[in-house]
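Chemist: Pasting the sequence and the predicted coordinates here, then a few questions.
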Amino acid sequence: MKSMLRASAAVLALSVFATPALAQDAANEADAQAPGEIVVTAQKRSESLQSVPVAVSVLSGESLSEAARPSIESATQMVPSLNFLKSGTTLNQTIFLRGVGTATFSIAGEPSVSTVVDGVVYARSGEAFSDLVDVAQIEVLRGPQGTLFGKNASAGVINITTQMPKNELGGTVEASYFDRNEVRVKGSVNLPMGESLAGRFSAFYGSYDGNIRNVTTNEWVNGYKHWGARAQFLYDPSDDLRIYVAADYYKNDDDCCADIIATAPLTGAGVPTTSLAFAVLPNQDGAKTRAVAQNLVTATKEEGWGVSAQADIGLGDHTLTSITAYRGWDNTEIRDGDWLDKAYVGFAQLHDSGPQTSNTFSQELRITSPGDTALSYVVGAYYSRAYSERTFTRNVTQCTAATGAPNNVLIPCGSVNANPSTFPSGTATFGSTFNNFALFGQATFKLSDAARIIGGLRYTHDKLSVFHSRNTTLAGPGIQPSFPVTTTGTGAPAAPFTAETSNDNLSGKAVFQMDFSDDVMGYASYARGYKGPAYNVFYNLTATGTNVIEPETSDSFEIGLKNTLLDGALTFNIAGFYAKYKNFQANNPDLVAGVVVTRFTNAGTISTRGIEMDLNWRAGRNTNIMAGLALTDAHVNQFKVAPGAAASAIIPSGTKLGYAPTWKGSMGIDHRIETGSFADITLGTTMNFQSKQLSLFSPNDVQRLLGTIPAYALVNLSVGLVSPDDKWKITAQVRNLFDKAYPAAIINGGVSGSYRYQIPRDADRYWGVSARYSF
């Protein structure tokens, strides 16, 4: 840690002393022009990015829309500190910042990275993994942000703002086609509705066949079909009143994401072995495997909707803001858990279906003072209630070999060489209710024209209640007995398991901020992070998993410099950070009823430290360069064994955290050639790379080795025609130019000890064409 902090300090000092020389060089940059000022709301008020003492990466809506798919998953390629765990359903996908995130299948666990859309906090990270359409800007706030954004921000915040209604008639229509039959269409229109009232209406549709071939059905899978719409209204009659109302709805129907069997059968020691089941599986070729053999298509069916209202009311020179929101989110996971085309002797068929319904009500009130006074502040209160309920069914088909059946032959259940099949089944209904109340405040005091101190506190009261009931018939792989177990004679639970816990917490932050010149600002900060209690409530819950998972806390330190150079044409920001998390809430591999699952526990103490850099340079009137780099060391300090787990289940100190590559970087260059004719020419390239990263956070060193995603780099190219007045644009692009195959996730517990990979769309080279027209 000491060496990384010394490196951070050295780089920061170098930035300060290098500033005068760079500023002098700016006088010779005749073509350099200042990029438009980037305004962020990282401190609950609109401020210049370069004046905010927080490490923030900003993505424009345009750069996101030109990505593989306008989503948070695509944003990870452009923000080096941001990583993403891809899974079979959005329920189980996770965001990581600076190597910290919460991956869990539990219905009673919360994310470490909060997602906020137009001021509304999404209680579950999966709600934010749909298409992001008509987005104005994404701010990625790195490190604990709980003082102003709440307990789900213990690792950071993704703050999304959409395009606001304008009181002028106009709009945009865009269509895209990518190979393998991917189609996307979207449009937005502004409508004046009176002197002070404007409306904005947007809609989108997208579909994609997929990138994996299911040889059983002879169809492509891992595709999607998405559509949705949003209506927004802005009433702005005076400087003292502004009312914004929004409603949105979307529906997703994905046959995604099937796990491919990417390795041959392996022993527990990782040694190749043999298995009859592989006679009916496609060839295994690691990250280049593009086929599955499944008789149930792994899928996610999802519906989300919400309404929100924000009122900004002038109270003298202060502003009272109220944000009221209600959101619904329904998600059904359909999963093939045996990864074979049918049941065989020795290889049972395992099919899952798990519909979940969720809703969240939230209310925030805050008062904001003027920002140009000696003492400025934000104070407020927040309440939310998040309810989720899931009914999960696991159906098993199994059989044994009939007398006289041949040996060393794969025998299908239902054939003459198999005894009659049995059909074990289990259905569990479980749910959670999170109630959260908080009071918060943050103040900035000017010590002088150049120096400021910032302090903030947040009081949080959490109350969590859960229930669970499972009814099982027969016994089978992946199926535990009924729970809670009773002696009623039927084997079914007489009453559900219930539990409740609550917790109070005081967290906050302290910052010293200094303007070294008009163009250089530095800061040093301390933040106390917090994430509330949880339970490991999932389908196969047993008595050993009913304990409370204690709240997670963190102590975070950060130093940073924000530099504006070359007469404003270049911004260069750098931050060094260190954070230590206690009672870290994490998933660990566990064996339940013969099936590898993950167990949500307090995993002990972990830490993360590193250096991050962001650069934005207007190199010429028509040339822009953006770059980012993150060096991160996130690892286990001291692991804590879960209740009831074996002593051997310890993850060694120093083990890297999952989805925390040591090096990760990105760079983008776009250039416009003014032709003087009907269309200008645009050229662009983006590049991103990352070092190897752990996918399997396991106590087993063999699993960690085989569950490590190798280093990879991707290059994307684009060329386009655009009208001189930017009314229309046609762009062709090639993504993953060098056809670099890589897995987005590696999971153990496949057929006969094999490893399963998740293969994203961007793991293959592909091309596309987009056309946009504005009116």
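Modeler: In hand now; what should we look at? Bear in mind that the values here come from a model prediction, so they are computed numbers and not experimental data.

Chemist: Going by C-alpha atoms from here, please, whenever you check contacts or count neighbours.
Modeler: Will do.

Chemist: quick one, what contacts the residue of the chain most remote from its centre?
Modeler: What lies farthest from the middle of the chain is residue 404; by C-alpha atoms, centre = their mean that is 53.4 Å. Contacts for residue 404 (C-alpha atoms under 8 Å, 6 or more residues apart in numbering) come out as residue 417.

Chemist: any idea which helix or strand carries it?
Modeler: For residue 404, there is no helix or strand it lies in under DSSP states H and E.

Chemist: And the helices in this structure?
Modeler: Per DSSP state H, the chain carries helices over the ranges 2-26, 61-65, 72-75, 146-149, 701-706.

Chemist: got any ranges where the protein has weak pLDDT?
Modeler: Residue ranges of the chain with pLDDT under 70: 1-36, 67-68, 486-492, 494, 589-598.

Chemist: what's across from the spatially most central residue of it in the sheet?
Modeler: Nearest to the mean C-alpha position of the chain, by C-alpha atoms, centre = their mean, lies residue 95 at 3.0 Å. For residue 95, the beta-bridge assignment (DSSP bridges) gives partners residue 84.

Chemist: ok, it to residue 501 distance?
Modeler: According to C-alpha to C-alpha, to the nearest Å, residue 95 and residue 501 sit 26 Å apart.

Chemist: do the same with residue 218
Modeler: Applying C-alpha to C-alpha to residue 218 and residue 501 gives a distance of 50 Å.

Chemist: Likewise for residue 676?
Modeler: Using C-alpha to C-alpha, residue 676 is found at 68 Å from residue 501.

Chemist: can you check residue 438 too?
Modeler: Distance check for residue 438 against residue 501: by C-alpha to C-alpha, it reads 17 Å.

Chemist: neighbour-wise, which of these two wins?
Modeler: Higher neighbour count among residue 438 and residue 501: residue 438, with 21 against 15, using other C-alpha atoms under 10 Å.

Chemist: how about the strands of the stretch 51-200 of the chain, start to end?
Modeler: For the stretch 51-200 of the chain, applying DSSP state E, counting those that start in this stretch gives strands covering 56-60, 82-85, 94-97, 113-117, 120-122, 135-142, 156-162, 170-178, 182-192, 197-208.

Chemist: what sits against the closest residue in space to residue 203 that isn't next to it in sequence?
Modeler: Nearest residue to residue 203, sequence neighbours excluded (C-alpha to C-alpha, 6 or more residues apart in numbering): residue 229, at 4.1 Å. Going by C-alpha under 8 Å, 6+ apart, residue 229 touches 201-204, 248-250.

Chemist: how about 10 Å then?
Modeler: Applying C-alpha atoms under 10 Å, 6 or more residues apart in numbering, one finds that residue 229 lies in contact with 133, 186-188, 201-205, 247-251, 305.

Chemist: Same question for residue 764.
Modeler: By C-alpha under 10 Å, 6+ apart, the neighbours of residue 764 are 211, 288, 735-742.

Chemist: Among these, name the ones in strands.
Modeler: Among the contacts of residue 764, the members falling in strands (DSSP state E) are residue 735.

Chemist: Same list (the contacts of residue 764) but as JSON lines, adding distance to residue 659 and neighbour count.
Modeler: Listed next are these as JSON lines, based on distance: C-alpha to C-alpha, whole Å; neighbours: other C-alpha atoms under 10 Å:
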{"residue": "211", "distance to residue 659": "23", "neighbour count": "19"}
{"residue": "288", "distance to residue 659": "21", "neighbour count": "16"}
{"residue": "735", "distance to residue 659": "23", "neighbour count": "24"}
{"residue": "736", "distance to residue 659": "21", "neighbour count": "22"}
{"residue": "737", "distance to residue 659": "24", "neighbour count": "15"}
{"residue": "738", "distance to residue 659": "23", "neighbour count": "13"}
{"residue": "739", "distance to residue 659": "22", "neighbour count": "14"}
{"residue": "740", "distance to residue 659": "19", "neighbour count": "16"}
{"residue": "741", "distance to residue 659": "18", "neighbour count": "20"}
{"residue": "742", "distance to residue 659": "14", "neighbour count": "22"}
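
Chemist: Format the contacts of residue 764 as JSON lines; extra columns: distance to residue 327.
Modeler: Below are the contacts of residue 764 laid out as JSON lines (distance: C-alpha to C-alpha, whole Å):
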{"residue": "211", "distance to residue 327": "32"}
{"residue": "288", "distance to residue 327": "40"}
{"residue": "735", "distance to residue 327": "35"}
{"residue": "736", "distance to residue 327": "36"}
{"residue": "737", "distance to residue 327": "40"}
{"residue": "738", "distance to residue 327": "42"}
{"residue": "739", "distance to residue 327": "40"}
{"residue": "740", "distance to residue 327": "39"}
{"residue": "741", "distance to residue 327": "38"}
{"residue": "742", "distance to residue 327": "36"}
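
Chemist: Out of the contacts of residue 764, flag the one nearest to residue 367.
Modeler: residue 735 (45.9 Å; C-alpha to C-alpha).

Chemist: bridging residues for the closest one?
Modeler: residue 766.

Chemist: Report the contact partners of it.
Modeler: For residue 735, the contact set (C-alpha under 10 Å, 6+ apart) comprises 67-68, 685-687, 714-718, 761-768.

Chemist: Now list the buried members of those residues.
Modeler: 67-68, 685-687, 714-718, 761-768 (16 or more other C-alpha atoms under 10 Å).

Chemist: Looking at those, which are in strands?
Modeler: 685-687, 714-718, 766-768.

Chemist: which two in those residues are spaced the farthest apart?
Modeler: 687 and 768, at 17.4 Å, using C-alpha to C-alpha across those.

Chemist: And for residue 727, the neighbour number?
Modeler: Neighbour count of residue 727, defined by other C-alpha under 10 Å: 12.

Chemist: do the same with the one 4 residues further on
Modeler: For residue 731, the count of nearby residues is 19 (other C-alpha under 10 Å).

Chemist: excluding its backbone neighbours, what's nearest it?
Modeler: Excluding the flanking residues, the one nearest residue 731 by C-alpha to C-alpha, 6+ apart is residue 720, at 4.0 Å.

Chemist: can you tell me how far the one you found sits from residue 537?
Modeler: The gap separating residue 720 from residue 537 is 51 Å, by C-alpha to C-alpha.

Chemist: for residue 408, same thing?
Modeler: According to C-alpha to C-alpha, residue 408 and residue 537 sit 40 Å apart.

Chemist: go on, residue 756?
Modeler: The gap separating residue 756 from residue 537 is 25 Å, by C-alpha to C-alpha.

Chemist: and what of residue 151?
Modeler: 20 Å.

Chemist: With neighbour numbers in mind, choose between these two.
Modeler: Between residue 151 and residue 537, residue 151 has the larger neighbour count (other C-alpha under 10 Å), namely 30 against 25.

Chemist: so what's residue 160 up against?
Modeler: Counting by C-alpha under 10 Å, 6+ apart, residue 160 makes contact with 41, 58-59, 61, 115-120, 128, 132, 135-140.

Chemist: can you check residue 504 too?
Modeler: Shown in contact with residue 504 (C-alpha under 10 Å, 6+ apart): 437-438, 459-463, 532, 551.

Chemist: ChimeraX command to pick out the buried ones of those?
Modeler: Here is the ChimeraX command that selects the buried residues among the contacts of residue 504 (16+ other C-alpha under 10 Å):
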select :437,438,459,460,461,462,463,532,551
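
Chemist: wait, which of the contacts of residue 504 is closest to residue 508?
Modeler: Closest approach between the contacts of residue 504 and residue 508, by C-alpha to C-alpha: residue 459, at 8.6 Å.

Chemist: doesn't residue 147 make contact with that closest one?
Modeler: Yes. Using C-alpha atoms under 10 Å, residue 459 is in contact with residue 147, at 8.7 Å.

Chemist: shared neighbours, those two?
Modeler: With C-alpha under 10 Å, 6+ apart as the test, residue 459 and residue 147 both reach 438-441, 506-508.
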